[in-house]
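> structure for the following, please:
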Amino acid sequence: MATGSGPPKSMKVKSSKHEESKPAIRMYHVTNVIATARKPDWSEVQQCVPNDEYYDGDLCGLPVACFSTTLYNGKLPTFSPYPRDAAPGTEHWRVSVPFDLADYDIFQMYEAPGQVQLLCLTKDAKSSSREKNLKKTLIRVKSVLGEEGLKEYFPDGKPNDYACKGENFFVNLHFVEPVPLTAAKEWVKVEKHGKVYTPVEKLYEKWIENYKKKYSKKDKAVEELTEKFAEKAKVQ
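Numbers count the residues shown, from 1 in each chain. Below you'll find the predicted structure:
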């Protein structure tokens, strides 16, 4: 699952000073429901499977529900690189809900160009067995982000702002359990920006097809690659 390339290059970066009126954290998820359709009647956001090593890193293969928290000019963005396969300029429904840092143990899983991937596991008293088991594994190789570590992504306990100097990156949150959409949820329409995303597996498939066209004789190595990447490409 790639998170896209972020805002257009024409967007200007302003001072890093935070406004006192900067809102508390709301995390948001862009759906694949086109804006001309009826607003979704979802009770939760379910997991998908990250499959792009360049953008997702250690999250690859782990089913997670995906959100972002980054603002633009003090507000939730009106644009998005999602859905990945949508045409630029199309609009889709986005949902946002409140997010409380105090409820989670947060691990930095990966830092990609222009974005960071954080895994949020509910603190022990309320965590699921899946979260507990995952935490036991992660704690051997990664540390839970403390107050100082979180400041980089949530300055003053608030969401970072892409338009602020030194904060021009996207913070993405991932949850191993479905995320309930509470009464405080808000639905809006946002516009797709950026290119149509092509998963790495699809690029491999294109290469393999070109190879087959160039070499007419049967090549066992190519056949094995075809089977391998065709299977991986099923997970979108």
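> in what helix or strand does Tyr54 lie?
helix 53-56 (DSSP states H and E).
> could you say what helices and strands that helix packs with?
strand 104-112, strand 115-122 (3 or more Cβ pairs under 8 Å, 6 or more residues apart in numbering; DSSP states H and E). For glycine as for every other residue, the C-beta is placed from the backbone atoms N, C-alpha and C.
> need the mean per-residue confidence for it.
Mean pLDDT, helix 53-56: 84.
> sorry, back to before: nearest to Leu71, out of the helices and strands packed on helix 53-56?
strand 115-122 (14.2 Å; Cβ to Cβ).
> dump the closest one to PDB, restricted to CA.
Extracted in PDB, the C-alpha atoms of strand 115-122 (Å, rounded to 0.1, in the frame of the first residue of the first chain):
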ATOM      1  CA  GLN A 115       5.900  10.400   5.000                       C
ATOM      2  CA  VAL A 116       6.300   8.300   8.100                       C
ATOM      3  CA  GLN A 117       4.400   5.000   9.000                       C
ATOM      4  CA  LEU A 118       3.400   4.600  12.600                       C
ATOM      5  CA  LEU A 119       1.800   1.500  14.100                       C
ATOM      6  CA  CYS A 120      -0.700   2.100  16.900                       C
ATOM      7  CA  LEU A 121      -1.400  -0.600  19.400                       C
ATOM      8  CA  THR A 122      -4.000  -0.100  22.100                       C
END
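> quick one: name whatever helix or strand follows it.
helix 129-138.
> so how far is the helix or strand following that next one off the chain centroid?
Sequence-wise, the next helix or strand downstream of helix 129-138 (DSSP H and E) is helix 147-151. In terms of Cα atoms, centre = their mean, to the nearest Å, the centre of helix 147-151 is found 20 Å from the chain centre.
> helix or strand right after helix 147-151?
Assignment by DSSP H and E places the next element after helix 147-151 at strand 170-175.
> for that next one, which strands pair with it and how are they oriented?
strand 65-68 (antiparallel), strand 115-122 (parallel) (DSSP bridges).
> could I get the ones you listed as CSV with distance to Lys151?
Converted to CSV, the strands paired with strand 170-175 look like this (distance: least, Cβ to Cβ, whole Å):
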stretch, distance to Lys151
strand 65-68, 18
strand 115-122, 13
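> how about those strands in JSON lines, adding distance to Ser43 and mean pLDDT?
Shown next, in JSON lines, are the strands paired with strand 170-175 (distance: least, Cβ to Cβ, whole Å; pLDDT from 0 to 100):
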{"stretch": "strand 65-68", "distance to Ser43": "13", "mean pLDDT": "97"}
{"stretch": "strand 115-122", "distance to Ser43": "18", "mean pLDDT": "96"}
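> among those strands, which is nearest Ile25?
strand 65-68 (10.3 Å).
> outside of the closest one, which residues touch it?
Strand 65-68 is contacted by residues 1, 3, 27-29, 44-48, 50, 99, 170-179 when judged by Cβ atoms under 8 Å, 6 or more residues apart in numbering.
> list the buried residues in that strand.
Buried residues in strand 65-68, counted by 16 or more other Cβ atoms under 10 Å: Ala65, Cys66, Phe67, Ser68.
> direction included, what does the helix or strand following that strand pair up with?
Where DSSP H and E defines the elements, the next helix or strand beyond strand 65-68 is strand 79-80. Here strand 79-80 is paired, per DSSP bridges, with strand 186-192 (parallel).
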